[in-house]
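Novice: could you look at this predicted model? Sequence included:
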Amino acid sequence: MGHTYTKILIHCIFSTKERRPLIPPERRSALCAYLGAIAQGEGFRLLEAGGTADHLHLLLQLPAQLPLAQAIQKLKGGSSRWMGPDFAWQQGYGALSVSPSQLPVVRRYIRNQEVHHRKRDFEHEFLALLRQSGVEYDQRYVLG
């Protein structure tokens, strides 16, 4: 795409199916590395990744021509197969735009998930992020 200049930064959050603790600590860094390889192979960048046993936070930089839903589908599909037959991600995800000026803050937030979740569980964190970002949601379905 000639003469098109973008910086599309997205903070994505998704959990394991039924928020089961399916990501053991000893596999987490390898999973994040694998997600980075998927991103690179699909033409986008994984800038930061972190999470806990039941969910991940990813900071993505997308090119203008790649729809977010397609990037997420590639990441979740490929990593689910890599994790094994008993592994599955939840159906949906959260995706929040990130200002380049907030990049260091979001990176630090994603890196410190283990510490962060000593005080707040995934459900409370996810709902707080949606509220802070002004994302409308239906309480009946948001954590489904």
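Specialist: Received the coordinates, thanks.

Novice: what are the pairing partners of the host helix or strand of Leu60, and which direction each?
Specialist: Here Leu60 sits within strand 55-62, counting by DSSP states H and E. The pairing partners recorded for strand 55-62 under DSSP bridges are strand 8-15 (antiparallel), strand 45-52 (antiparallel).

Novice: what does it contact?
Specialist: Strand 55-62 is contacted from outside by 7-16, 19, 23, 31-32, 35, 39, 44-51, 68, 71, 75, 98, 103, 106-107, 109-110, 113, 122, 126, using Cβ atoms under 8 Å, 6 or more residues apart in numbering. From N, CA and C alone the C-beta is placed, and that goes for glycine too.

Novice: put the buried members of those into a ChimeraX selection.
Specialist: Buried subset of the contacts of strand 55-62, written as a ChimeraX selection, criterion 16 or more other Cβ atoms under 10 Å:
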select :9,10,11,12,13,14,15,16,19,23,31,32,35,39,44,46,47,48,49,50,51,68,71,75,98,103,106,107,109,110,113,122,126
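
Novice: how about the contacts made by Thr6?
Specialist: 63-64.

Novice: what pLDDT does it get?
Specialist: We have a pLDDT of 94 for Thr6.

Novice: quickly note the distance from it to Arg120.
Specialist: Note on Thr6: its distance to Arg120, by Cβ to Cβ, to the nearest Å, is 33 Å.

Novice: max-length helix in this structure?
Specialist: helix 25-42 (DSSP state H).

Novice: would you say Ser101 is within a helix?
Specialist: Yes. The assignment for Ser101 (DSSP: H, G, I helix; E, B strand; the rest coil) places it in a helix.

Novice: what about it, neighbour count?
Specialist: 7 (other Cβ atoms under 10 Å).

Novice: repeat for Asp138
Specialist: Per other Cβ under 10 Å, the neighbour tally for Asp138 reads 7.

Novice: model confidence at it, what's the number?
Specialist: Asp138 carries a pLDDT value of 87.

Novice: now swap in the one 3 residues further on and tell me
Specialist: Reading off the confidence values, Tyr141 has pLDDT 79.

Novice: just to confirm, which helix or strand has it in it?
Specialist: Counting by DSSP H and E, Tyr141 is part of no helix or strand.
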